[in-house]
Structures are given as C-alpha cells and as structure tokens.
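J.: quick check, what structure comes out for this input:
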Amino acid sequence: MSFQPILPLDGYVGWRFLQRTLDRQQETHAASTQSQRDQAYFRANIAAVSNARELVADRRLLSVALTAFGLQDDLPNRAFVEKVLESSHRDDRSFVNRLSDKRYLKLNQAFGFGDSIVPRNQFEGFADALLSTYRDRSFEIAVGAQNDSMRLALALERDLADLAAQPSSEATRWYTILGTPSMRRVFETAFMLPGSFGTLDLERQVDILKTRTEKLTGSDEVAQFADPEAVETLIRRFFLGEQVQQINAAAVAGSGALTLLQQGQSSLRAMLGR
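T.: Predicted coordinates:
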C-alpha cells in the first residue's frame, strides 16, 4: 500500500501539526517499498546514462529525475524533456533559457548534458544528491494528493531558503520566484493578488511583490528568507490569504444560491397570480 501522510487538520493549524511530525512522516515515506525500489534502481543505473536520449528512454530513471524537480507531470512528454536536457544553459537564447518555468533550467543544470563533456550524472555523489531531493519532492507529492496547500508550504520552505542563499542579484531572485509556479502561487495567495496580476509587465509584478513583502516583513529583499522566521511569516500569511479566498468564494456561492431562490419565488408567485 502506498504511503498516506497524516494530515488531520487544514490551514495554518494543520501546517503546524505537519511541521511537528515532519521528520517521522518523511522517514516512513522514504522507507516505503515502492520508494526503496525506485531509489535502488536509480542508484544502480544512472551512471550508465551518457546522454539525454538514453535518460528519457528509461521511464523509471526519468520518473525519478523529473520528480526530483517537481516535473513528474512531464513524464509522457519525452521529446520535450529531451530538448530541455540537450539545451545549453550557458546560451541566453537557448531553448531551456527561454522557458519561463525555471524548474526546467534546474533539471538541465543538474545533468549538464548540453554543456559538459562529461555529464554530471557520471560524478561520484550525483545519485545521493538527486535522491535526497527526490525523497523530499515525492513526499510533497504525497502530501499534495491530500492537501495541495501543505505541499506548496513545504516546497516554499525549501525553495525560498535556497534561493535566498544563492549569490545572485535581488532582481534575479524575484524573477526566479515569478518563474517558479509553487513559489509564485504562495506569494500571490499571501497577498491576495487578482488573476490579472500575471498579465502585468514583469518589472511591475516584481515591484508589487516587493512592496507587499516589505509591508509584511519590513524588508523587500529575498535575501531575508534565509531566516526561517521570515519564511514562516510568509507561510502564515499564505494560509490566511487562502482562508480569505475560501470565505469569499463561499459568500459568492451563497449569494448566487440566494438569487436563484429569489428568482424561483418570484416565478412561483407569478404562476399563482400573486
């Protein structure tokens, strides 16, 4: 039987419960029979792969690799994934660099098929590093099957802290947030941004996120999220924003139901001649 996370509560209270039980639940998930089989197969076979075509030809290896970067839904899209992997990340005009979703760039860089004489999967320690990420991501997927908001919060804890520690400019960090679906969704929900937000110019989107973030935390820099307390502040606001969305949706649904009831009553009165 597949692993089933224990998530007895929703919202921020449920998130705090998951945090308290996280280590034990992750260990249980990683020890499941299917997870152990997938990891053993990857560890035994990944070094034999010499190019992108060989990787996408092996469904089990590709499944682990894509899952490690949150791209498991692309498993059927082998031609697309092969193109991503063969692309040069050093060329600003390359296919992978033109994709807005920066998870593909991370996948490309992890293997190095497009730029390295010897791909990185040939190096010692490659399997251990990728499988560590795979275990985290596959646990998040299991959590997301029950509660997608918890999955997003887990992903944010890892990805935002990693981004804050990178030696890149603040502008690059903000563009990475906008180009990473899970982080983007957390920020948009936390600040209750409308659906039209994504249609704005990228620079305008960054300005709005920076302004809202400074109001929340006192700083508009992504670097602040190297501090777990700053990440937790954003996560708490995310769950609050989601709760507000749910209340608004329920109010709209209730208003619609009331309108239909009133229309029905008017029709009934007309039929009765009242």
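
J.: need phi/psi at the residue positioned nearest the centre of the chain.
T.: Compute the mean C-alpha point of the chain, and by CA atoms, centre = their mean the closest residue is residue 182, 3.2 Å away. Listed backbone geometry of residue 182 is phi -70, psi -40, with angles given as degrees, to the nearest 10.

J.: residue 40 too?
T.: The phi and psi torsions at residue 40 (degrees, to the nearest 10) take the values phi -60, psi -40.

J.: what is the neighbour count of it?
T.: By other CB atoms under 10 Å, the residues close to residue 40 number 11. To be clear about C-beta, it is placed using only N, CA and C from the backbone, and glycine gets the same treatment.

J.: what pLDDT does it get?
T.: What the model reports for residue 40 is a pLDDT of 96.

J.: the one 10 residues further on now?
T.: The predicted local confidence for residue 50 comes out at a pLDDT of 95.

J.: so it sits against residue 117, correct?
T.: No: taking contacts as CB atoms under 8 Å, residue 50 lies outside contact range of residue 117: 11.1 Å.

J.: of the two, which one has the most company?
T.: In this view residue 50 and residue 117 are compared by other CB under 10 Å, and residue 50 has more residues nearby, 13 against 5.

J.: secondary structure class for that one?
T.: Of the three states, residue 50 takes coil under DSSP: H, G, I helix; E, B strand; the rest coil.

J.: quick one: contacts for it?
T.: 119, 122 (CB atoms under 8 Å, 6 or more residues apart in numbering).

J.: one more: residue 66?
T.: Residue 66 makes contact with 72, 74-75, 81, 107, according to CB under 8 Å, 6+ apart.

J.: just the buried ones among those, please.
T.: Burial by neighbour count, 16 or more other CB atoms under 10 Å: within the contacts of residue 66 this picks out 72, 74, 81, 107.

J.: do I have it right that the second one meets residue 80?
T.: This points to residue 74. Yes: the pair residue 74 and residue 80 passes the contact test of CB under 8 Å, sitting 6.7 Å apart.

J.: and the helices in the stretch 101-250 of the chain?
T.: In order along the chain, the stretch 101-250 of the chain carries the following helices (DSSP state H, counting those that start in this stretch): 103-111, 126-144, 148-165, 170-178, 181-190, 202-217, 228-272.

J.: please convert these to JSON lines, extending it with mean pLDDT and distance to residue 8.
T.: Shown next, in JSON lines, are those (pLDDT from 0 to 100; distance: least, CB to CB, whole Å):
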{"stretch": "helix 103-111", "mean pLDDT": "96", "distance to residue 8": "31"}
{"stretch": "helix 126-144", "mean pLDDT": "95", "distance to residue 8": "13"}
{"stretch": "helix 148-165", "mean pLDDT": "95", "distance to residue 8": "12"}
{"stretch": "helix 170-178", "mean pLDDT": "95", "distance to residue 8": "31"}
{"stretch": "helix 181-190", "mean pLDDT": "96", "distance to residue 8": "22"}
{"stretch": "helix 202-217", "mean pLDDT": "97", "distance to residue 8": "28"}
{"stretch": "helix 228-272", "mean pLDDT": "74", "distance to residue 8": "16"}
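
J.: how about those helices in CSV, adding distance to residue 15?
T.: Rendered in CSV, the data for those read as follows (distance: least, CB to CB, whole Å):
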stretch, distance to residue 15
helix 103-111, 23
helix 126-144, 11
helix 148-165, 6
helix 170-178, 20
helix 181-190, 12
helix 202-217, 17
helix 228-272, 6
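
J.: these: which one's closest to residue 12?
T.: Proximity of the helices of the stretch 101-250 of the chain to residue 12 was assessed by CB to CB; the nearest stretch is helix 228-272, lying at 4.0 Å.

J.: how much space separates the closest residue to residue 226 other than its chain neighbours from residue 223?
T.: The shortest distance from residue 226 to any residue other than its chain neighbours is 4.1 Å, reached at residue 164 (CB to CB, 6 or more residues apart in numbering). Going from residue 164 to residue 223 by CB to CB, to the nearest Å gives 5 Å.
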